Structure formats: structure tokens, C-alpha cells
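Trainee: Fold the following.
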Amino acid sequence: MARPRPRGAAALLLGALGLAVALGGCAGQEQSGTPAQQVTTWMNDGSGGSGIGTVEVDSKNVALALAQHNAPTAIKEVCDLLSNDAQTAIGNLPTPDEQLTLALNTAYEEATAAGDDCFNGANGNHQLLARSAAERAKLVTLLAVAVQRAEDVTGQTPTTDTTAPPSGGGDPFGGGQ
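Mentor: Purely as a prediction, here's the structure:
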């Protein structure tokens, strides 16, 4: 005799339970352990801390390209990189900590806005470039808040290492024309 198939609410409940079991088997390491262990794992897994560092460096590179009076195309390139990297970092959210997620999301949204305003102002729109500068200044504070939250949860300063612009005023974008 064939087994009857569940109908209506019973079928929906069984489907939801099956999905929950399947997704539970996919839980990453950042979802187990203490809150400190979870955040540490998330920060060190290749997306957390390096995402923060990448956005920090991108913001500094925008400032450097503008200070070096690079060509508009070069400025647009670094501004676009800031926006794109901030969007990539948003895609790596949420973190295991709700407050850290909120802090990083706010920072990354500000970075996206700064990159977009810079890109759109690169041909000489001083109002957009000034707004981008203000957004990048705010970004520094927002990232510091997020890093402090990670430190508060984990008890250690997170690593945000990535490639930094060369010291001594070098121009990583070439030209300065």
C-alpha cells in the first residue's frame, strides 16, 4: 500500500523541518563555540578582518590619488574599487555578533557612498569630492567602532592586515597627471 503524502500545513511543516536540518548541517565554524570564538573565527576566516583592512586601504588610496592630482580616470578607478570592495564586505555579513554586524554594515555603506561620490566627482565636481572626503573621514571613525566591538567581544585586537599604500608618498596609481 502506498504511503499517503502529507497535505497542507503538515507538508509545509515537514518541508520546513527538512530545510532546517539540511541548513543546520551546513553551519560554519563561526556558528559554534563561545561568542568570542565565533567572532574570532569570522574575523580570521579570510573575509572579516581583511575586509575591514581592504576598505581602510582603499579609502587611503583614494585620498592619495586625489592628493597626487591623478588623472580623472585613475581617480575613478580607485573610487570604484572602494565602492566595490565595500559591497563585497557587505556580502560577507552578518558576523556572529549583531552589534558588530550593524557597525560594519554602517561603515561599509558609508564607504560605498564615499566611493560613489568620488567616482562621480572625479571629473572636477568639487562638491561631490568634498562630500566623499567627509564620508571617508566618517568611515575612519565607523571602522574604529567596529574594530573596538570585535575587540570587546574577543578580548584581542583583530587583525585587519592587507596591502597598504607605499610609505614615503609613493603613488601606487602612476602618473599624477
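
Trainee: out of everything not next to it in sequence, what's closest to residue 66?
Mentor: Ranked by CB to CB, 6 or more residues apart in numbering and with sequence neighbours excluded, the top spatial neighbour of residue 66 is residue 75, at 6.4 Å. The C-beta positions use only the backbone N, C-alpha and C, and glycine is treated the same way.

Trainee: what sits against the one you found?
Mentor: 62, 65, 66, 118, 122 (CB atoms under 8 Å, 6 or more residues apart in numbering).

Trainee: now those residues in TSV, with distance to residue 81 and pLDDT?
Mentor: Formatted as TSV, these follow (distance: CB to CB, whole Å; pLDDT from 0 to 100):
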residue	distance to residue 81	pLDDT
62	8	97
65	10	96
66	14	96
118	10	98
122	13	97
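
Trainee: Which stretches in the chain count as helices?
Mentor: Listed in chain order, the helices of the chain (DSSP state H) span residues 8-24, 35-44, 48-67, 72-91, 98-121, 126-154.

Trainee: Look up how far residue 71 lies from the residue at minimal distance from the centre of the chain.
Mentor: A centroid search over the chain (CA atoms, centre = their mean) returns residue 89, at 2.6 Å, as the residue closest to the centre. Per CB to CB, to the nearest Å, residue 89 is found 27 Å from residue 71.

Trainee: any idea what sits nearest the residue nearest to the centre of the chain, other than its immediate chain neighbours?
Mentor: Spatial nearest neighbour of residue 89, excluding adjacent residues (CB to CB, 6+ apart): residue 51 at 3.8 Å.

Trainee: So what's the residue count around the one you found?
Mentor: 23 (other CB atoms under 10 Å).

Trainee: what do you get for residue 115?
Mentor: Once other CB under 10 Å is used to define contacts, residue 115 is seen to have 29 neighbours.

Trainee: and it, what is it in contact with?
Mentor: So residue 115 contacts 58, 62, 79, 80, 81, 82, 83, 84, 86, 132 (CB under 8 Å, 6+ apart).

Trainee: Do you know the pLDDT at the closest residue to the second one other than its chain neighbours?
Mentor: Pointing back at residue 62 there. Using CB to CB, 6+ apart and skipping the chain neighbours, the partner closest in space to residue 62 is residue 78 (5.1 Å). Reported pLDDT at residue 78 in the predicted model: 98.
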